[in-house]
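1. build me a model:
(chains A and B)
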Amino acid sequence: DVKVTQSSRYLVKRTGEKVFLECVQDMDHENMFWYRQDPGLGLRLIYFSYDVKMKEKGDIPEGYSVSREKKERFSLILESASTNQTSMYLCASSFLETGADTQYFGPGTRLTVL
Amino acid sequence: AQTVTQSQPEMSVQEAETVTLSCTYDTSESDYYLFWYKQPPSRQMILVIRQEAYKQQNATENRFSVNFQKAAKSFSLKISDSQLGDAAMYFCAYRSADSNSGYALNFGKGTSLLVTP
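-> Residues are numbered from 1 along each chain as shown, chains lettered A, B, ... in the order given. Predicted structure coming up:
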């Protein structure tokens, strides 16, 4: 079974802190994604990566950056956390070849910024 | 960007009954993929069913089936013989077949399904 893991299920940080959310997948997937989930807004794409060291902005990249140094790991970075970044963050991965391929999701990290 | 609309924030169904969740989308593309994802209270999102736009036949997966109306840009999910374990948030999603899009999913806002005994 494909496994996508995220470093923390719950995280509490203070305003202004630098925050790292880590995601690891074990299926050699080329594509990796970071989404943000908020009630009533569904999931919104923050960043995605289709290869090591490659990244593309999604719909809401402001306030975030990403890092993909190894194929299996995709990190989301909040350079200076703010209260409006309190949310559920979901990581996903998929194969590159076709758009029909399933995205596999991690369990999510619920981040609270105080 | 393509827009995905789920007009039912909440739905309720009795065990063993059938329920249909609605989804419409807006696109100018002719080739794309549509998905229904399920997110149970434990939060792990899993794929329920997917449909390729070039296929006329509606996809089915056991008790789950879709009604894909390409001209109407409609993609509804039917759950037959509902079970308590079907209670979850359901998301409709669109993905372009254009590789330049990076294959990211555009999600609707979700429909919360309650299953009553």
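2. residue 13: what's it in contact with?
-> Using chain A. Taking C-beta atoms under 8 Å, 6 or more residues apart in numbering or on different chains as the criterion, A:Lys13 is in contact with A:19, A:78, A:81, A:111-114. In this view, the C-beta of every residue, glycine as well, is placed from N, C-alpha and C.
3. other chain: chain B
-> Listed by C-beta under 8 Å, 6+ apart, the contact partners of B:Val13 are B:19, B:79, B:82, B:86, B:113-116.
4. tell me which element it is part of?
-> Here B:Val13 is covered by strand B:10-14, with elements defined by DSSP states H and E.
5. can you tell me how far the residue most central in space within chain A is from chain B?
-> Most central in chain A under C-alpha atoms, centre = their mean is A:Trp34, positioned 2.7 Å from the mean C-alpha point. Counting by C-beta to the nearest C-beta, to the nearest Å, the gap from A:Trp34 to chain B is 10 Å.
6. for that residue, helix, strand, or coil?
-> Counting by DSSP: H, G, I helix; E, B strand; the rest coil, the backbone at A:Trp34 sits in strand.
7. give me the local confidence score for it.
-> With respect to pLDDT, A:Trp34 has a value of 97.
8. that one bridge partners, please.
-> With DSSP bridges applied, A:Trp34 shows beta-bridge pairing to A:Tyr47, A:Cys91.
9. shouldn't it be in contact with A:Ser87?
-> No: the pair A:Trp34 and A:Ser87 fails to qualify as a contact (C-beta atoms under 8 Å) at a distance of 11.2 Å.
10. about what we covered before: just the buried members of the contacts of B:Val13?
-> The neighbour count (16 or more other C-beta atoms under 10 Å in any protein chain shown) marks B:19, B:79, B:82, B:86, B:113, B:115 as buried among the contacts of B:Val13.
11. where do the strands sit along the chain?
-> Defaulting to chain A. In chain A, strands defined by DSSP state E lie at A:4-6, A:10-13, A:19-25, A:31-38, A:42-51, A:54-57, A:65-70, A:73-78, A:87-94, A:104-105, A:109-113, listed in chain order.
12. let me rephrase: I mean chain B.
-> Applying DSSP E to chain B gives strands spanning B:3-5, B:10-14, B:19-21, B:24-26, B:32-39, B:46-52, B:60-61, B:64-69, B:74-79, B:88-96, B:106-107, B:111-116.
13. can you pull the contacts of the residue nearest the centre of chain B?
-> The centre of chain B sits closest to B:Trp36, judged by C-alpha atoms, centre = their mean, with a distance of 3.0 Å. Residues in contact with B:Trp36, defined by C-beta under 8 Å, 6+ apart, are B:21, B:23, B:47-50, B:64, B:66, B:75, B:77, B:90-93.
14. give me the pLDDT value at it.
-> Listed pLDDT for B:Trp36 reads 97.
15. how near is it to A:Arg36?
-> 20 Å (C-beta to C-beta, to the nearest Å).
16. now B:Gln63: closest residue in space, sequence neighbours ignored.
-> One correction, residue B:63 is Arg, not Gln. Nearest in space to B:Arg63, with sequence neighbours left out and distances taken as C-beta to C-beta, 6 or more residues apart in numbering or on different chains, is B:Ser80 at 4.7 Å.
17. which parts of chain B sit against chain A?
-> Applying C-beta under 8 Å from any C-beta of the partner chain, one finds that chain B approaches chain A through B:1, B:4, B:9, B:32-33, B:35, B:37, B:42-47, B:50, B:52, B:91, B:95-99, B:101-110.
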